[in-house]
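J.: Just need the structure, nothing else, for what follows:
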Amino acid sequence: MRLKVPFFGYLLALIGLFLPSVIFVAILPSLINAEPVKARLLAELNDWAGARVTIGGPVSIESFFSLSVNLQDVEIASFKGLPNIKLFKAERVMARIAWTNLLTGTLDFDKIKIYNAQADAVGFGTDDLPDALRSLLTAQYRNPFDAFSLTNCRITFIDAPDASRRDLLIAGIGVYTRKSDAMITADGVFAWNGERVHGRLVTSAVAPDAGDAAVPIRLDVTSRLLSASFHGQAQLGPSRTASGDVNGNTPDAAELAKWIGVNGAPQLQKAVGIAGKLDFSGATLSLQTAALSLGAEKASGDLTLTLEDAAGTARRLEGSLAFEALDLRPIWQAGFAEPSPASPPESPAESLAKSIDMDLGISARSVRWDALASGSAAFTVTRKARLVSVEIAELGLFEGSMLGHVELDLSRPRAMARARLTAENVEAAQLLQALSQRDWLDGRADANIEAQAEGGSPDELLSSATGSARLGFPDGGQIRLDIPQLARSAGADGVDGWTGLDFARSDFDEMRAQLSLQSGQIRCSELSLSNRNSVVRGNGEVDLARQSLDWKFTVSPNAGDDAAADAPRQQTGAESSLSIKGPWLRPAIRSSERSSRAGGNGSTTWGMVKNLLAVQ
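T.: Next comes the predicted model:
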C-alpha cells in the first residue's frame, strides 16, 4: 500500500512558521525610533571622516536580512588628514546593521554605501599622495565599518594656479577591512581622461601612532593603455620609503603620455615595458636589475632618479642601460613633441618631466638607423635643462669606428643640432651599399666631420643640415671612374651623357677631399687623387635639388713619389683638363690637353717660386 506524503500540509506548516517572521521584519522599521539610530550613525560618520557630517534630506529605515538606514543629501565639509578635499556631497548614504548586532542589542554599523557623490580636490599634486594614502589607511584603522563602497562618484581636481579642472569618475569601488589583522582590500573601476581603469589594492590599516611602521602594499592597475603593478612595502610616515618589485608596460608610449597629461612628452609610438627592483628613500628612487623594452629592443641595467638636490630644486635621472640591438630613428623622432596650436595648461607630470636632468650611459651590441646598421656602440646621453648632448665613445661602423660629440638645443622654437665626428678605417663600399648607392668607391676611409642643423622636426633638421668634412683614403682604394682615361677619350668635342663610357675600376694610391654641404649643395673645394701613373686634382659641386653636376679636373702625369707629394712640380708629358657639367644623368663631358716641358722649374707656379728662391 502506497503511503501518501502530505506535501501541502508541510507547506502550510512552513508558511505558518515563517509568515510571522516575515511580517515582523516588514513592520520592524516602523517600530524602531529613527532618532537614536540616526544619532549613532552620525557619530560614527563624524569619527570616520574626522569632521562634522550634515544631512539635508530625510532619514528612512528599511529591513530585510539586515537593517538599513538611508540618508539623503549628505554633506561632509572636509576629511581629517585630507586638506585638499574641500567639499564632499552625496545624494544617498546607506548604512547597514547586521541582525546579529540587533539581536545582541548593539547599534554597530558594519557596511556603508555612498551613491552619486561629488567631491572637489583643490591643489592636489604628486607630493600630496603619500600623506593622502596614509590618512586613508589611518581612517580605515579607526573605521567602524567592515565594508565601504562608492558608486557613481565624481572627484574634480582643481589646479590652484589656473583653476583648471579634471574629473576622476568612479564607477564603483569597494573597500573591505578584515578586523582580525586590519588587512584592507580595495577593488574598483574608474575613468580618467576617457579611459576605463581597473585597480586593486591590498594593504594594511595604519594606527595613528604607528610612526614609520612599514605596511605591505600590493597594487595592480590595468587599462587599455597601461598595465602596472607594485608588490612590496612602504613607510608612509616622515621617512617615506618604499621597496618592492615593480612592473609596467604600455602598447603605445606616446598615447599613454597624452592620457596622463604630459603634453610635451617624447612621441615614442611603440610598446614600452619596464620591470625591476624598486627602492625609494627620501628623494631618491632607484630601479635595480631593470629590464626595459622599447618595441623589439630589449635592455637591462640600473636607473636612479633623484627628485631634488640639497637646494630642493634639481631633478636628475642617471644610470646605465645595455641593449642587445638599438634602433636610433624612433628615439630621435621621440625627442620632438607634436606641435599643438592650443596646448592645455602644463600638468604636474609634464612639469616634472621637463625639469629632469639626465646622465645615461647606453651601450648596444648593434645599432641601426633605418637600413644603416653598425656594430657595437657605447655613448653617454646628458641633458641639462633643454640642452641634450651625446658623447660617442665607441661606434663600430662598417669595419671601422666612429667617435665624437653631438649637441641638441631644444630651448628655442626651432631646435639646433651640432656635431663633431671622427671616423677611422671605414669601408666605403659597405657604406655606399647601405645608403642604396652603387659601390662606385672602395677602400678604407678616414674622416673628420662638422655639421649643424636647425628645424622644428626631425625631418626639418635632416633637410636643413650644413657641414664640412675632410675625407682621406691613406691606404688607397678603387674608384669606378677612370678620370685620366675619361680625359683622354672625351676630346674637345666631348660626349653628352655616360652612355658608352668605360666604368671599369681604377686603382688609386691615395685620395683626399675637402667637402661641404649647404643649401642642398655638396661642394668639393679640393680633391686630390693619385696613383703611380697620374695625379688628379679637382673641385666642383653637386646640386641635390636640381640633380646637376659641375666639376673640373686637372690630370697630370705622375713623375714619382715626390711629384705626388709636391704636385704640381717637375713633370713630363701632357697635362689635360676635364669638365663634367649638367644634369647628373646626362652631363656634358669635355676635355682639353696642353704639353708640359720636362725639367722646367719655371713651367709651374711652384717652379717659379723655386727659381725666385734660387736667385735670392
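
J.: Going by C-alpha atoms from here, please, whenever you check contacts or count neighbours.
T.: Noted.

J.: any weak-confidence spans in the stretch 101-250 of the chain?
T.: 101-107, 123-144, 160-163, 206-212, 237 (pLDDT under 70).

J.: Try it again at 80.
T.: 101-110, 121-146, 158-165, 178-182, 205-213, 236-240 (pLDDT under 80).

J.: Kindly report the same for the stretch 501-616 of the chain.
T.: 501-504, 520, 559-574, 593-616.

J.: any chance you could map the strands in it?
T.: 506-508, 510-518, 521-530, 534-543, 548-557, 573-583, 588-596 (DSSP state E, counting those that start in this stretch).

J.: how about low-confidence regions in the stretch 351-500 of the chain?
T.: Ranges of the stretch 351-500 of the chain meeting pLDDT under 80: 351-356, 369-373, 385, 412-413, 433-439, 456-463, 488-494, 497-500.

J.: All the helices of it, residue numbers only.
T.: For the stretch 351-500 of the chain, helices defined by DSSP state H, counting those that start in this stretch occupy the ranges 428-434, 458-463, 483-490.

J.: for the helix or strand hosting Asp245, packing partners?
T.: Per DSSP states H and E: Asp245 is located in strand 241-250. When contacts are defined as 3 or more C-alpha pairs under 8 Å, 6 or more residues apart in numbering; DSSP states H and E, strand 241-250 sits against strand 227-235, strand 272-281.

J.: just to revisit the earlier point, for the strands of the stretch 501-616 of the chain, which one sits closest to Arg92?
T.: strand 510-518 (72.0 Å; C-alpha to C-alpha).

J.: Who are the packing partners of that closest one?
T.: By 3+ C-alpha pairs under 8 Å, 6+ apart, strand 510-518 packs against strand 466-473, strand 521-530.

J.: Distance of the residue lying closest to Thr250 once chain neighbours are set aside relative to Arg200?
T.: Residue nearest to Thr250 in three dimensions, not counting chain neighbours: Leu226, with 4.8 Å by C-alpha to C-alpha, 6 or more residues apart in numbering. For Leu226, the distance to Arg200 equals 14 Å [C-alpha to C-alpha, to the nearest Å].

J.: Please apply the same query to Gly301.
T.: Counting by C-alpha to C-alpha - Gly301 and Arg200 are separated by 29 Å.

J.: What of Met358?
T.: Met358 is 33 Å from Arg200, by C-alpha to C-alpha.

J.: Ser60 against Val69, yeah?
T.: Yes. Here Ser60 reaches Val69: they are 5.8 Å apart, a contact under C-alpha atoms under 8 Å.

J.: Neighbour count: these two, which is higher?
T.: Val69 (22 against 15; other C-alpha atoms under 10 Å).

J.: give me the beta-bridge partners of Ser320?
T.: Asp302, Gly361 (DSSP bridges).

J.: Identify the residues contacting it.
T.: 301-303, 360-362 (C-alpha atoms under 8 Å, 6 or more residues apart in numbering).

J.: Tell me how many other residues crowd Val197.
T.: Val197, neighbours per other C-alpha under 10 Å, totals 19.

J.: Helix or strand: which one has it?
T.: Per DSSP H and E: strand 195-204 holds Val197.

J.: Let me know the angle separating that strand from strand 227-235.
T.: Going by axes from the mean of the first three to the mean of the last three C-alpha atoms, to 10 degrees, strand 195-204 is angled at 30 degrees with respect to strand 227-235.

J.: Going by neighbour count, list what's buried in strand 195-204.
T.: Of the residues in strand 195-204, 196-204 count as buried by neighbour count, 16 or more other C-alpha atoms under 10 Å.

J.: same thing with stretch 460-473?
T.: 461, 465-473.

J.: CSV please, covering the residues you listed and showing distance to Phe190.
T.: Output for the buried residues of stretch 460-473, formatted as CSV (distance: C-alpha to C-alpha, whole Å):
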residue, distance to Phe190
Leu461, 42
Ala465, 48
Thr466, 52
Gly467, 54
Ser468, 57
Ala469, 58
Arg470, 61
Leu471, 62
Gly472, 64
Phe473, 65
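
J.: circling back: just give me the neighbour total for the residue nearest to Thr250.
T.: 17.

J.: residues touching Pro58, list them.
T.: 71-72.

J.: Pop out the phi and psi values for it.
T.: phi -70, psi 160 (degrees, to the nearest 10).

J.: hmm, back to that, residues touching the strand holding Val197, excluding its own?
T.: So strand 195-204 is contacted by 137, 182-191, 215-224, 259 (C-alpha under 8 Å, 6+ apart).

J.: one more time with 6 Å
T.: By C-alpha atoms under 6 Å, 6 or more residues apart in numbering, the residues outside strand 195-204 that reach it are 182-191, 215-223.

J.: Show only the entries of these found in helices.
T.: The members of the contacts of strand 195-204 all map outside helices under DSSP state H.

J.: Give me the buried entries from those residues.
T.: 182-191, 215-222.

J.: can you tell me how far the residue nearest to Thr250 sits from Asp245?
T.: From Leu226 to Asp245 the distance is 17 Å (C-alpha to C-alpha).

J.: ok, now Thr177?
T.: 24 Å.

J.: higher neighbour count, these two?
T.: Thr177 (23 against 17).

J.: What residues does that one make contact with?
T.: 146, 183-184.

J.: Which of these sits closest to Ser556?
T.: Distances from Ser556 to the contacts of Thr177, taken by C-alpha to C-alpha, are shortest for Ile184, at 90.8 Å.

J.: And the residue nearest to that closest one when sequence neighbours are not counted, which helix or strand is it part of?
T.: Excluding its sequence neighbours, the residue lying closest to Ile184 (C-alpha to C-alpha, 6+ apart) is Thr177, at 4.6 Å. For Thr177, the enclosing helix or strand under DSSP H and E is strand 165-178.

J.: List the pairing partners of that strand within its sheet, with orientation.
T.: Sheet partners by DSSP bridges: for strand 165-178, these are strand 147-158 (antiparallel), strand 183-192 (antiparallel).

J.: Give me the contact list for the longest one.
T.: Applying C-alpha under 6 Å, 6+ apart, the contact partners of strand 147-158 are 111-123, 164-176.

J.: do you know how far Phe553 is from Gly50?
T.: 91 Å.

J.: Looking at these two, which one has more neighbours?
T.: Ranked by neighbour count (other C-alpha under 10 Å), Phe553 and Gly50 place Phe553 first, with 21 against 17.

J.: Hmm, the more buried one is touching Lys581, no?
T.: No. Shown here, Phe553 and Lys581 do not form a contact pair, counting by C-alpha atoms under 6 Å, at 11.5 Å.

J.: isn't Asp496 right up against Arg590?
T.: No. At 8.8 Å, Asp496 and Arg590 do not qualify as touching, with contact defined as C-alpha under 6 Å.

J.: Compare the two (neighbour count), which wins?
T.: Taking neighbours as other C-alpha under 10 Å, Asp496 and Arg590 compare with Arg590 leading, 22 against 16.

J.: Just give the nearest non-adjacent residue to the more buried one, would you?
T.: Gly494 (4.3 Å).

J.: What's the local residue count around that neighbour?
T.: For Gly494, the count of nearby residues is 18 (other C-alpha under 10 Å).

J.: Show the backbone phi and psi for it.
T.: Torsion angles, degrees, to the nearest 10, at Gly494: phi 70, psi -170.

J.: i'd like the first residue to be 10 from this point on
T.: Understood, numbering begins at 10; the last thing we discussed is Gly503.

J.: looking at it, it is touching Ile598, isn't it?
T.: Yes. The pair Gly503 / Ile598 is scored as a contact, 5.3 Å apart, by C-alpha under 6 Å.

J.: quick revisit: ok, which of the strands paired with strand 174-187 comes nearest Ala334?
T.: strand 192-201 (35.6 Å).

J.: Turn the helices and strands packed on strand 519-527 into TSV, columns for distance to Phe166.
T.: Formatted as TSV, the helices and strands packed on strand 519-527 follow (distance: least, C-alpha to C-alpha, whole Å):
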stretch	distance to Phe166
strand 475-482	48
strand 530-539	55
